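Trainee: Pasting the sequence and the predicted model now:
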Amino acid sequence: MNAQRSAARWTICIALAARPSWRRAALVSATMTALAVPAFAAQTDITISTSPALATPRINGARVIGSIPGSPLLYTISATGQAPLKFEAEGLPTGLAIDAASGTISGTTPAAGSYPIGVTVSNGSGSASATLTLTAGSTLALTPPMGWNSYDSFIAAVTEKDVLAAAQAMKTSLQPYGWNTVVIDYLWYDPEQTIDANGRWLPSKSKYPSATGSDGFKSIAAQVHTLGLGFGIHLMRGIPRKSVTANSPLVNSTYTASQAGNTGDTCSWDSHMYGVRADTAAGQAWYDSIYSQYADWGIDFVKVDDMMNPYGTGSPLHSSEVTAVHTSIGKTGRSIVLSLSPGPTQTRDVAVLNANANMWRQVNDFWDTNGLSTIGNEFDAAYSWSTTSGITPGHWPDADMLPLGTIGNRACAFSHNEQVMVMSLWAIMPSPLIFGGMPTKLSNDSWTLALLTNEEVLAVNQDALSARGKRVVQQGTTEVWAKDLSGGRKAVALFNRGTQDATVSVTFSQLGVTGTPPVRDLWHRQDATGMTSGISVNVPHEAALMYTVGGDSGGAGGAGGSTGTGTGGMAGSNDGGAGRGGAAGSGGAPGTDGGLGGTTATGGGPGSGGVTASGGRTGSGTGGSTAGGGASGSGGTTAQVSGGASAGAGAMSSGGSSATTSGRVGSTAAATGGAEGGRSGTAATGQSGCSCSLGSRGSSSPWWLLVFAVATLAVRPRRRR
């Protein structure tokens, strides 16, 4: 459609420069082309709720965690609320204790078994309670891992100072919502490339000055752990080439590096390593030696690169090395999460992956710009893995890092619509959530912070049932995914991958739901109304909307919006903490978290949010030469706020013609065209206002072409004699 408009405009320009005999014909052609395009081909910019957390405590994050019996345990309860917060726990197994000020549970994992722990978070505004289940056993990552990785923003240049600053920013901005691991990525041993006496890499002293001798990352890990966060590192598959050349002896072994290494097995894009003969005792001894070292350093997460070779032939998975690494990690007695990259991994290798790794990449590198994989590749891979059997809780296809926010020294190249699509797909799959932007920039980036800290969207990803999302509807460029949740609820994501807004629908029957269940809009943190037989909504182009179906709202914050006075959230089961709601709205009534072990939430305080919708200015413009006051401006396109003031005249100015809309309330909306397209939206009563813009992009009406053509044809051209 945009191409048609462009063609029409160029035709008019050519016509104006052409001979008069051709001009009229060209203008008629351009006008017909313009009128063949729908008057308002909508391209809406999406909104999400940016309401701050309430003063009343709310418990977020995973409600089930896994740890190996006898291993060190470090887990910090994720909670929001006005500081200071007080954390309490009942039913802690012997050997574990909780820090009342930070909420960090630490100690030694008990014997194999399931341990329900009642946790309570309180402050002067109220309290919230939940049941956290500790599963002591061989399975880790019972919900998808969440954290930050340095690669997207620093590549190989991240320093100790950068890492600790990122960790501190994570503790402040992201950990209250479940983000809990900090990972140093590529080439942490570069440029010195120092190996110890047993051929193992040591961290670069120039980048990590605290890494002294064999202690390596021990100091940094301890500092990250003090913040209640986990610490991880990146590794290349194999053994350093310089270790093989030096024929270094392997620690606690009679083998040497040359016996473990395979000089005929190299990585096509990194020259530091040889592959390992993992099916030999020497190869296993090598991996045992490095993972015992990493466990001593306090490592909680390892990302092993080059485990899948997307550029080779045959099976790209280095299965024997995957198995050897898993075996070595098990020998350490430490709970270390294993992540494999790059991708795309093959679904035919699911048995090896599920038996050995906690997460594995489903695509090659995914970026917001110049990536090796696209969002289309992500959808294809997500569907392939969603239809693959043999994946059990604790094992997750990984859609790659989230290139959002400030990435190094640049802003994310994805539009807001595309960013919401990415987060929605990662949430519904569910994929591990590894942020690649700069945590230190989040305090001044309300959009990205809201994107990463929507506790209702994150709860879908972290749901204790650990179910996998499934595609239930696909039609053209739209599709609907659904995911079973604890408490008998469903999560639903509606995607519009097209370049124009589209209506996306799914019936309750298609979701396997009976009756008329309550529906909750997650990105806007408000209850949806009028959905009696299913969900049918207008989804902005290249974007997504997410809902939960069934259960109760769980004490969500009060309704309100920009000017309305809110009412309290309804009492409900499942995640009953006070939600974020409308301006001046009363907080949520106490809710019972029946789905997660009888959690109760104290009624939420006044609901925050509900930002006033700012009105557009009256469109102004200079009248045309023959038109008194000029043509009337085009009105605002459908947006998620009611209202729309009329705009003043002005030749081809775009004032806001009266436009009424329905949908989200309390959002600032911009009308199309003109001087800030007049819209002074007055929000009706609703929930969870948003300060993000919602308007139209590229949705100008072609009617101006008709007006222009008529005016031009009415003027008799003067000729030179």
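Mentor: Here it is on my side, so go on. Residues are numbered from 1 along each chain as shown.
Trainee: hmm, who's touching stretch 241-257?
Mentor: For stretch 241-257, the surrounding residues in contact (CB atoms under 8 Å, 6 or more residues apart in numbering) are 193, 195, 197-200, 239-240, 258, 260-261, 263, 271-274, 281-282, 285-286, 288-289, 292-293. C-beta: built from backbone N, CA, C; applies to glycine.
Trainee: 10 Å instead, please
Mentor: Stretch 241-257 is touched from outside by 193-201, 238-240, 258-263, 266, 271-274, 276, 280-290, 292-293, with contacts defined as CB atoms under 10 Å, 6 or more residues apart in numbering.
Trainee: Just the residues you listed: which are in strands?
Mentor: Cross-referencing the contacts of stretch 241-257 against strands under DSSP state E gives 239, 240, 261, 262, 263, 266, 271, 272, 273, 274, 276.
Trainee: Drop anything exposed from these.
Mentor: By neighbour count, with 16 or more other CB atoms under 10 Å, the ones in strands among the contacts of stretch 241-257 hold 239, 240, 261, 262, 266, 272, 273, 274, 276 as buried.
Trainee: which residues sit in contact with the last one?
Mentor: To tie it back to what came earlier, the one meant is residue 276. Counting by CB under 10 Å, 6+ apart, residue 276 makes contact with 237-239, 244, 257, 260-262, 265, 282-287, 318, 320-321, 324-325.
Trainee: What is the most widely separated pair among the buried ones among the ones in strands among the contacts of stretch 241-257?
Mentor: Across these, the longest distance by CB to CB is 14.6 Å; it joins 262 and 272.
Trainee: What pLDDT does the model give the residue nearest the centre of the chain?
Mentor: Using CA atoms, centre = their mean, the residue of the chain that lies closest to the mean C-alpha position is residue 423, 3.2 Å off. Confidence at residue 423, expressed as pLDDT, is 98.
Trainee: Surely it touches residue 456?
Mentor: No: using CB atoms under 10 Å, residue 423 is not in contact with residue 456; the gap is 11.9 Å.
Trainee: Any of the contacts of residue 276 buried? List them.
Mentor: For the contacts of residue 276, buried by 16+ other CB under 10 Å: 237-239, 244, 257, 260-262, 282-287, 318, 320-321, 324-325.
Trainee: re the thing from before, quick check: which of the buried ones among the ones in strands among the contacts of stretch 241-257 has the minimum pLDDT.
Mentor: residue 266 (94).
Trainee: what's the closest non-adjacent residue to that residue?
Mentor: residue 274 (6.3 Å; CB to CB, 6 or more residues apart in numbering).
Trainee: The one you found bridge partners, please.
Mentor: Residues in a beta bridge with residue 274, per DSSP bridges, are residue 239, residue 266.
Trainee: need the contact list for it.
Mentor: When contacts are counted by CB under 10 Å, 6+ apart, residue 274 touches 237-241, 243-245, 257-258, 260-267.
Trainee: same thing but 6 Å
Mentor: Counting by CB atoms under 6 Å, 6 or more residues apart in numbering, residue 274 touches 238, 239, 241, 244, 261, 262, 263.
Trainee: looking only at pLDDT, what's the mean for stretch 473-481?
Mentor: 98.
Trainee: for stretch 139-157, same thing?
Mentor: Rounded mean pLDDT across stretch 139-157 is 98.
Trainee: In this structure residue 200 contacts residue 291, no?
Mentor: No: under the criterion of CB atoms under 6 Å, residue 200 makes no contact with residue 291, lying 10.2 Å away.
Trainee: Quick one: end-to-end distance for stretch 511-528.
Mentor: Using CA to CA, to the nearest Å, the span of stretch 511-528 from its first residue to its last is 17 Å.
Trainee: Please apply the same query to stretch 303-316.
Mentor: End-to-end distance of stretch 303-316 (CA to CA): 17 Å.
Trainee: Show me what counts as buried in stretch 335-347.
Mentor: Those buried within stretch 335-347 under the rule 16+ other CB under 10 Å are 335, 336, 337, 338, 339, 340, 341, 342, 343, 344, 345, 347.
Trainee: And stretch 399-417, by the same measure?
Mentor: Within stretch 399-417, the residues scored as buried using 16+ other CB under 10 Å are 399-407, 412, 414-417.
Trainee: Let me know how buried the residue nearest to residue 223 when sequence neighbours are not counted is, in neighbour terms.
Mentor: Leaving aside its sequence neighbours, residue 223 sits nearest to residue 164 (CB to CB, 6+ apart; 6.1 Å). Look at residue 164: counted by other CB atoms under 10 Å, it has 16 neighbours.
Trainee: does residue 164 sit in a helix, a strand or a coil?
Mentor: helix (DSSP: H, G, I helix; E, B strand; the rest coil).
Trainee: how near is it to residue 273?
Mentor: 28 Å (CB to CB, to the nearest Å).
Trainee: Just say helix, strand or coil for residue 514.
Mentor: For residue 514, the reduced secondary structure class is coil; criterion used: three-state DSSP.
Trainee: Next, count neighbours for it.
Mentor: By other CB under 10 Å, the residues close to residue 514 number 9.
Trainee: Distance of the residue lying closest to residue 204 once chain neighbours are set aside relative to residue 207?
Mentor: What sits nearest to residue 204 in space, not counting adjacent residues and going by CB to CB, 6+ apart, is residue 192, at 5.2 Å. Residue 192 sits 9 Å away from residue 207, going by CB to CB.
Trainee: next structured bit after the helix or strand harbouring residue 295?
Mentor: Element membership for residue 295 (DSSP states H and E) is helix 281-297. Later in the chain than helix 281-297, the nearest helix or strand by DSSP H and E is strand 301-305.
Trainee: what angle sits between that next one and helix 281-297?
Mentor: Interaxial angle of strand 301-305 relative to helix 281-297 (axes from the mean of the first three to the mean of the last three CA atoms, to 10 degrees): 140 degrees.
Trainee: which strands and helices sit next to strand 301-305?
Mentor: Taking 3 or more CB pairs under 6 Å, 6 or more residues apart in numbering; DSSP states H and E as contact, the helices and strands that strand 301-305 lies on are strand 230-236, strand 337-340.
Trainee: nearest to residue 364, of these?
Mentor: Comparing these by their distance to residue 364 (CB to CB), the top pick is strand 337-340, with 13.0 Å.
Trainee: May I see the buried residues of the helix or strand following that closest one?
Mentor: Downstream of strand 337-340, the next assigned helix or strand under DSSP H and E is helix 350-356. For helix 350-356, the neighbour count (16+ other CB under 10 Å) marks 350, 352, 353, 354, 356 as buried.
Trainee: what comes into contact with helix 350-356?
Mentor: 319, 322, 323, 326, 360, 388, 390, 391, 395.
Trainee: Now it - C-alpha only, CSV.
Mentor: Below are the C-alpha coordinates for helix 350-356, written out as CSV (Å, rounded to 0.1, in the frame of the first residue of the first chain):
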residue,chain,number,x,y,z
VAL,A,350,16.5,-33.7,21.3
ALA,A,351,17.5,-36.8,23.3
VAL,A,352,21.1,-35.8,23.7
LEU,A,353,20.2,-32.2,24.4
ASN,A,354,17.5,-33.0,26.9
ALA,A,355,19.7,-35.5,28.7
ASN,A,356,22.7,-33.1,29.1
